[in-house]
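> Turn this into a structure:
(one chain, ligands or ions: 1)
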Amino acid sequence: MIKTDVVIIGAGPVGLFAVHQLGIIGLKSEVIDNLDKAGGQCIELYPDKPIYDIPAIPVCTGEELTKNLLKQIEPFKTNFHFNERVQEVSNENNKWVVKTSKNKVFVSPNIVIAGGVGSFEPRKLPLKEAEKHEGKSIFYSVNEKNKFKGKKISIFGGGDSALDWALELSKTSNVTLIHRRDEFRGAPHTLSQIKKLEKAGKLIIKTKYQLSAIEGDKNIKSITIKNDEEKTIKVETDYILSFFGLIMQLGPIAEWGLNMNKKNISVNTENFETNKKGIFAVGDICIYPGKQRLILSGFHEAALASVECFKRARPNEKYRFQFTTSSKEIQERLGCKPK
Ligand SMILES: Cc1cc2nc3c(=O)[nH]c(=O)nc-3n(C[C@H](O)[C@H](O)[C@H](O)COP(=O)(O)OP(=O)(O)OC[C@H]3O[C@@H](n4cnc5c(N)ncnc54)[C@H](O)[C@@H]3O)c2cc1C
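As a prediction, this is how the structure comes out:
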């Protein structure tokens, strides 16, 4: 069980800035995200696109913004719990108990929901029998690549993830790259490297094919793929990696008894608290009159929510407003050298 001052759900830009705002007033937070990395929409949907409306940064990409937000919170040495979805939220003895899909349990007086448009979930393989192999022989992301060493891997998809992993794993495994179209969407440079490997007999590419069956009970032994003309091929396979992109799902957040307005959580704009004391919602997921789904709005919302979090986490202390320019306390927390 992990005890903390604040549990932050979502490591998008707003969740990351919430870590900062909580950190400078002396609160410790733990961050949980369903994705395998920080950045939310900025990193998943537009890492290379320029953003022009972050105050005092004339232009930066989604990836640069994420890197800078992570750098800004380095002093707080925050724990991130990636690849975990927050499933359940309950109240015990006036403390919130948060449970994740990996059965981790957090206890805290405060929860800040910075869940954006919901958790990013992989688009799954469309076969019923795929389910029982998930997490054992079928993966939608790669956490430990050593597992695939010397094995037969069938990789599905036509985007960057499929191409990058086909290239990487072909160094140590037998890779078959399968895509339902002839054209790949991934980076042309990676594709040309893959085509070279195919020519050299180091990787197999099957285009215009889709998965039609999985053979093997406990472990996968082979798969059958089928093209539009109903021609089938059996491919010996130990592991399937599938990269069909991500979908956004509000998921369990809708079941926590919060006042919802369609897919958003209603908050009061004094402190961004929801109808449940100690549960806050900031960033794209919250709604109030005049709400704009902008990163800068989320930053402001996180700043105000952090003050109320302080009052709940430190009921015997008085909250003092301080400027970062002049507060020695804040500067110490940030690890600044005295001038
Ligand atoms: C193409 C595009 C361009 C944009 N351009 C701009 C721009 O120029 N300027 C601007 O200000 N804004 C822009 N935006 C909007 C901006 O990206 C969002 O306002 C911002 O990402 C919201 O941040 P967030 O942290 O609230 O949520 P998100 O970035 O959506 O992050 C939420 C995170 O929470 C996680 N999560 C959700 N539920 C759970 C759960 N139950 N368990 C675990 N994790 C969970 C998700 O996996 C996700 O990583 C753009 C958006 C898009 C799509």
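
> rest of the way, CA atoms for contacts and neighbours
Will do.

> what about this protein, any weak spots by pLDDT?
Applying pLDDT under 70 to the chain flags the ranges 338-339.

> what does the stretch 51-200 of the chain have sitting close to the ligand?
Taking CA under 6 Å from any ligand atom as the contact definition, the stretch 51-200 of the chain meets the ligand at 51-53, 84-86, 114-120.

> Which ones among those lie within strands?
Taking DSSP state E, the ones among these that sit in strands are 51, 86, 119-120.

> Just put the residues of the stretch 51-200 of the chain next to the ligand in CSV and tack on neighbour count.
Converted to CSV, these look like this (neighbours: other CA atoms under 10 Å):
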residue, neighbour count
Ile51, 18
Tyr52, 12
Asp53, 13
Glu84, 19
Arg85, 23
Val86, 22
Ala114, 30
Gly115, 28
Gly116, 27
Val117, 17
Gly118, 22
Ser119, 24
Phe120, 22
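
> Tell me where the stretch 201-339 of the chain has strands.
Ranges of strands within the stretch 201-339 of the chain are 204-207, 209-215, 222-227, 232-236, 239-242, 246-249, 260-261, 264-266, 279-281, 286-287, based on DSSP state E, counting those that start in this stretch.

> Can you redo those strands as JSON lines, where the extra columns are distance to the ligand?
Formatted as JSON lines, the strands of the stretch 201-339 of the chain follow (distance: least, CA to the nearest ligand atom, whole Å):
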{"stretch": "strand 204-207", "distance to the ligand": "29"}
{"stretch": "strand 209-215", "distance to the ligand": "27"}
{"stretch": "strand 222-227", "distance to the ligand": "31"}
{"stretch": "strand 232-236", "distance to the ligand": "33"}
{"stretch": "strand 239-242", "distance to the ligand": "18"}
{"stretch": "strand 246-249", "distance to the ligand": "8"}
{"stretch": "strand 260-261", "distance to the ligand": "15"}
{"stretch": "strand 264-266", "distance to the ligand": "11"}
{"stretch": "strand 279-281", "distance to the ligand": "9"}
{"stretch": "strand 286-287", "distance to the ligand": "8"}
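
> Output these as TSV; include the columns mean neighbour count.
Formatted as TSV, the strands of the stretch 201-339 of the chain follow (neighbours: other CA under 10 Å):
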stretch	mean neighbour count
strand 204-207	18
strand 209-215	19
strand 222-227	18
strand 232-236	16
strand 239-242	24
strand 246-249	14
strand 260-261	15
strand 264-266	23
strand 279-281	27
strand 286-287	26
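
> Relative to Phe321, which of those is closest?
Of all the strands of the stretch 201-339 of the chain, strand 279-281 sits nearest to Phe321, with 20.0 Å by CA to CA.

> Identify the residues contacting the closest one?
110-114, 265-267, 271-274, 305 (CA atoms under 8 Å, 6 or more residues apart in numbering).

> Out of those, which is nearest to the ligand?
Distance to the ligand across the contacts of strand 279-281 (CA to the nearest ligand atom) is lowest for Ala114, with 5.0 Å.

> That closest one is in contact with Leu16, isn't it?
No. Counting by CA atoms under 8 Å, Ala114 sits too far from Leu16 to count as a contact (9.0 Å).

> Of the strands of the stretch 201-339 of the chain, give the one that comes closest to Lys67.
Judging the strands of the stretch 201-339 of the chain by CA to CA, what sits closest to Lys67 is strand 246-249, at 21.6 Å.
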